[in-house]
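J.: sequence and predicted structure below; questions after.
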Amino acid sequence: MSEANSPKVTLRQDGAHATLLLSGAWIGRSGDTPRPAEAMLPEHGTGADRATPASIGFDATRLGRWDSALIDFLWQLRRLAAGRGIGFDESGLPDASRRLLSLLDDSRPAPLPPRRGPGLLARLGGATTTALTGALNNTGELSSLLGGLTLRAGAASLGRARMRGIDLLDNLYDAGPSALLIITVVNVLVGAILAFVGVVQLRRLAADSFVANLVGLALVREMVPVMTAIIMAGRTGGAYAARIATMQGNEELDALAATGIPATDYIVLPAVLSLTAMMPVLYLYGCVVGIAGGFVVAIAMLDITPLAYIQQTRMSLPVGEFGFGLLKSFAFGLMIAVTSCRIGMKAGRSAADVGSAATSAVVVGIVGTIALDAVFAVVANAVGR
Amino acid sequence: MAADTILEVQGLELAYGTRVIQRDLGFSVRRGSIFAVMGGSGCGKSTVLRSLVGLLRPAAGRVLVGGEDYWAGDAAQREAIGRRFGVLFQNGALWSSLSVAENVALPLRMFTRLDNAAIDSLVRLKLALVGMEHAAALSPSELSGGMRKRAGLARALALDPEVLFFDEPSAGLDPVTSKRLDDLILQLRDGFGQTIVLVSHELPSLLAIADDGVFLDATTRTAIAHGSPKALRDDSINPQVQAFMRRERLEQEG
Ligand SMILES: Nc1ncnc2c1ncn2[C@@H]1O[C@H](COP(=O)(O)OP(=O)(O)O)[C@@H](O)[C@H]1O
Ligand SMILES: [Mg+2]
């Protein structure tokens, strides 16, 4: 048999009847099977002296192994032939292929839905992974999931991982824009509360003008990173855990594993990347709206011009403070994403397990944030900031 | 191992933690046959299937795929063997964030170098073969139970596997839909010539399509009978097997 041969189709025309000689192995995976357009449907590639045949038939005596690629070819050809009024004689084909062809109908197939291709955000993801890999390697303590993730992220940045852009895009949206409203409300209120407390207390010491320092520093160093992380632990961390636990119960993770697609690539990596990438952005945004909230209260209660307040805020906040806050946000985001994905993957398979996975992801996220913040405070103190 | 054996199980012991589900299990599956794993609910049929498709490492024993020891190699080797498998899970297990067409396309995108046009063409063919062409753009949550299984079947066929594994293909379907699915499975098998390993506790579908099998028992935790469902029904003297088969016969006769 011509097993090793590449798949070929050649035309032999005999008066009004054309015969297609099929040969070689027709294996779809190999990607080398002819397309019907190249298959010389008798109208093409024939001289003017040769008329379009009334029918086409097949000679499959030299056909090797075949799979759905052959069926796909024949099905397309049959539709083309029907469209041009050419008879389609299946009698020369293997019985098995004729049985499969009988399952297919020739009405024009609807176009497949448009593919949601990897866009800008996927490339952005690739860039983020590189940064993430570096940061992860530096933290030193890597749980097994984190370790696997680091490898995957490394592979992703080299373009070898099989993460798809769309997952990251969905995840980024979950982690970012859709959280803006609640981030705004909470941080504005925290800023306003800090200003209020500051005004009342500092007035007694005749240190009113330091309200801007208090509000700015407290927000940028502590309140915004922690509040934002707590919100994201409740919102996104819980959602990640619930979503992954649902996939677990639905055997979707088993289906990934059985297909040979690691869940780390397909689910965990996009989730971790997007939350870790969004957290610092949300932090900076939270700082801006928090300071604005404090500003409104301070201006209303104090005898100070808006310009002077802004000036005072700027002087009290060296850029390094934001760097420290950004670092914390990044760490919180990473911690929340990794723990909630892990909790989701470890969840049981019942509906109740989805609820408890979400609950424990939120609890672990919040407690973890505060514990991690304490570590940061101690470290910051030790390095003298 | 006989030349026409594609899958062979020897002395298999399966456990979750310390809890043994099945032990000392042995059977072999002929290339091109439909092999049924039978037994009552909870006896470990799905567990056996999980160990055959790489989801549960056996506590002891061997699974040979075309003579290769499936669990002896590393994950990459298992993945390479598993590329020849297609699995249809109990409820389809479609990836919920993807459309039906994307579900079928994902394995092709991951494991072949085909261009988008070729992938689209194969996806359309697989969906048409299972009669789901019109549902290509739907998301899994918009499908009925029967449609979900057919979409899962199309996904299992995506890479033209040599062996197809089905977990309870007809569970939860009405008799008509279930019959239609059985017929479809048979037609596809006749066409592509795959080997099928099928888990089921529902006899009508088993009797209709399987030509060999093994009967698992929950109390003794091992196989208590071997043979096709028809042969077991007519010839088995094991009371457990008879009870199982007779119940179904009564049901079938009305
Ligand atoms: N992930 C798991 N962890 C622990 N025990 C399990 C798990 N899955 C199934 N079991 C137990 O294994 C036994 C066999 O289950 P299963 O293989 O699903 O049975 P069947 O498919 O025959 O109905 C049952 O008693 C079940 O409780
Ligand atoms: Mg089961």
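T.: Structure's in. What do you need? Ligands and ions are numbered 1, 2, ... in the order given.
J.: show me which residues of the stretch 1-150 of chain B are close to ligand 1?
T.: Counting by C-beta under 6 Å from any ligand atom, the stretch 1-150 of chain B comes close to ligand 1 at B:16, B:21, B:39, B:41, B:42, B:43, B:44, B:45, B:46, B:47. Yep, even glycine has a C-beta here, placed from its N, CA and C like the rest.
J.: in terms of helices and strands, where is the nearest residue to the third one once chain neighbours are set aside?
T.: Okay, so that is residue B:39. Closest residue in space to residue B:39, ignoring its immediate chain neighbours: residue B:216 at 3.7 Å, by C-beta to C-beta, 6 or more residues apart in numbering or on different chains. Assigned by DSSP states H and E, residue B:216 belongs to strand B:212-217.
J.: and what of residue A:96?
T.: helix A:95-101.
J.: average pLDDT for that helix, rounded please.
T.: Averaging pLDDT along helix A:95-101 yields 92.
J.: do stretch B:79-97 as well
T.: 89.
J.: ok, which stretches of the stretch 151-254 of chain B are strands?
T.: With DSSP state E, counting those that start in this stretch as the criterion, the stretch 151-254 of chain B has strands at B:163-167, B:195-199, B:212-217, B:222-226.
J.: in TSV, list the ones you listed along with mean pLDDT, mean neighbour count and distance to residue A:31.
T.: TSV is the format used below for the strands of the stretch 151-254 of chain B (pLDDT from 0 to 100; neighbours: other C-beta atoms under 10 Å in any protein chain shown; distance: least, C-beta to C-beta, whole Å):
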stretch	mean pLDDT	mean neighbour count	distance to residue A:31
strand B:163-167	94	24	23
strand B:195-199	94	25	25
strand B:212-217	93	23	35
strand B:222-226	91	19	42
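J.: could I get those strands as CSV with distance to residue A:268?
T.: Rendered in CSV, the data for the strands of the stretch 151-254 of chain B read as follows (distance: least, C-beta to C-beta, whole Å):
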stretch, distance to residue A:268
strand B:163-167, 25
strand B:195-199, 29
strand B:212-217, 35
strand B:222-226, 38
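J.: want to throw those strands into CSV with distance to ligand 1?
T.: Below are those laid out as CSV (distance: least, C-beta to the nearest ligand atom, whole Å):
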stretch, distance to ligand 1
strand B:163-167, 7
strand B:195-199, 6
strand B:212-217, 7
strand B:222-226, 13
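J.: hmm, the residue nearest to residue B:39 is touching residue B:22, no?
T.: Yes - when contacts are counted by C-beta atoms under 8 Å, residue B:216 is listed as touching residue B:22 (6.3 Å).
J.: shared neighbours, those two?
T.: B:43, B:44, B:48, B:222, B:223 (C-beta atoms under 8 Å, 6 or more residues apart in numbering or on different chains).
J.: and these, which two are furthest apart?
T.: Spatial extent of those (C-beta to C-beta) is set by the pair B:48 and B:222 at 11.1 Å.
J.: could you name every residue contacting both of the two?
T.: B:22, B:25, B:216.
J.: for the stretch 151-254 of chain B, what lies in contact range of chain A?
T.: Proximity of the stretch 151-254 of chain B to chain A, by C-beta under 8 Å from any C-beta of the partner chain, involves residues B:155, B:157, B:159, B:160, B:187, B:188, B:190, B:191, B:192, B:193.
J.: swap in 6 Å and give it another go.
T.: Counting by C-beta under 6 Å from any C-beta of the partner chain, the residues of the stretch 151-254 of chain B close to chain A are B:160, B:190, B:191.
J.: confidence score at residue 175?
T.: Looking at chain A here, since you left the chain open. For residue A:175, the model assigns a pLDDT of 65.
J.: my bad, the chain I had in mind was chain B
T.: As predicted, residue B:175 sits at a pLDDT of 86.
J.: and the residue of the stretch 251-385 of chain A nearest ligand 1?
T.: residue A:349 (6.8 Å; C-beta to the nearest ligand atom).
J.: just the pLDDT for residue A:379.
T.: At residue A:379, pLDDT is 92.
J.: could you do the one 3 residues further on as well?
T.: Residue A:382 is assigned 89 on the pLDDT scale.
J.: just give me the neighbour total for it.
T.: 8 (other C-beta atoms under 10 Å in any protein chain shown).
J.: that one: what's it in contact with?
T.: For residue A:382, no contacting residues are found, by C-beta atoms under 6 Å, 6 or more residues apart in numbering or on different chains.
J.: now do the contacts for residue B:126.
T.: Shown in contact with residue B:126 (C-beta under 6 Å, 6+ apart): B:104, B:154, B:157.
J.: would you list the phi and psi of it?
T.: In terms of degrees, to the nearest 10, the main-chain angles of residue B:126 are phi -60, psi -40.
J.: now stretch B:12-22: buried residues?
T.: For stretch B:12-22, a neighbour-count test (16 or more other C-beta atoms under 10 Å in any protein chain shown) marks B:12, B:13, B:14, B:15, B:21, B:22 as buried.
J.: so which of these belong to strands?
T.: If you go by DSSP state E, the buried residues of stretch B:12-22 have B:12, B:13, B:14, B:15, B:21, B:22 in strands.
J.: paired strands for the host helix or strand of residue A:60, with orientation please.
T.: Counting by DSSP H and E, the element that carries residue A:60 is strand A:55-66. Strand pairing for strand A:55-66, determined by DSSP bridges: strand A:17-26 (parallel), strand A:87-88 (parallel).
J.: per-residue confidence averaged over the shortest one?
T.: For strand A:87-88, mean pLDDT rounds to 88.
J.: with the first one instead?
T.: Averaged across strand A:17-26, the pLDDT comes to 89.
J.: cool, stretch B:117-125 as well?
T.: 92.
J.: in PDB, list the C-alpha atoms belonging to that stretch.
T.: Provided in PDB are the C-alpha atoms of stretch B:117-125 (Å, rounded to 0.1, in the frame of the first residue of the first chain):
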ATOM      1  CA  ALA B 117      -9.100  27.400   7.200                       C
ATOM      2  CA  ALA B 118      -8.200  23.700   7.600                       C
ATOM      3  CA  ILE B 119      -9.300  23.800  11.200                       C
ATOM      4  CA  ASP B 120     -12.600  25.500  10.400                       C
ATOM      5  CA  SER B 121     -13.200  22.900   7.700                       C
ATOM      6  CA  LEU B 122     -12.600  20.000  10.000                       C
ATOM      7  CA  VAL B 123     -14.600  21.500  12.800                       C
ATOM      8  CA  ARG B 124     -17.500  22.000  10.500                       C
ATOM      9  CA  LEU B 125     -17.200  18.400   9.300                       C
END
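J.: in chain B, spot the helix with the most residues.
T.: helix B:175-192 (DSSP state H).
J.: now do it against strand A:55-66, angle only.
T.: In terms of direction (axes from the mean of the first three to the mean of the last three C-alpha atoms, to 10 degrees), helix B:175-192 departs from strand A:55-66 by 80 degrees.
J.: angle of helix B:175-192 against strand B:163-167?
T.: For helix B:175-192 against strand B:163-167, the angle by the same axes, to 10 degrees is 170 degrees.
J.: got the contact list for helix B:175-192?
T.: In contact with helix B:175-192 (C-beta under 6 Å, 6+ apart) are residues A:96, A:99, A:100, B:146, B:169, B:170, B:196, B:205, B:208, B:209.
J.: tell me how far the fourth one lies from residue B:175.
T.: The one in question is residue B:146. Applying C-beta to C-beta, to the nearest Å, the value for residue B:146 to residue B:175 is 11 Å.
J.: who's more crowded, these two?
T.: Neighbours were counted for residue B:146 and for residue B:175 using other C-beta under 10 Å; residue B:146 has more, 18 against 10.
J.: now the closest residue to the more buried one other than its chain neighbours: how far from residue B:202?
T.: Spatially, and ignoring its direct neighbours in sequence, residue B:146 is nearest to residue B:177 (4.2 Å; C-beta to C-beta, 6+ apart). From residue B:177 across to residue B:202, the span is 13 Å (C-beta to C-beta).
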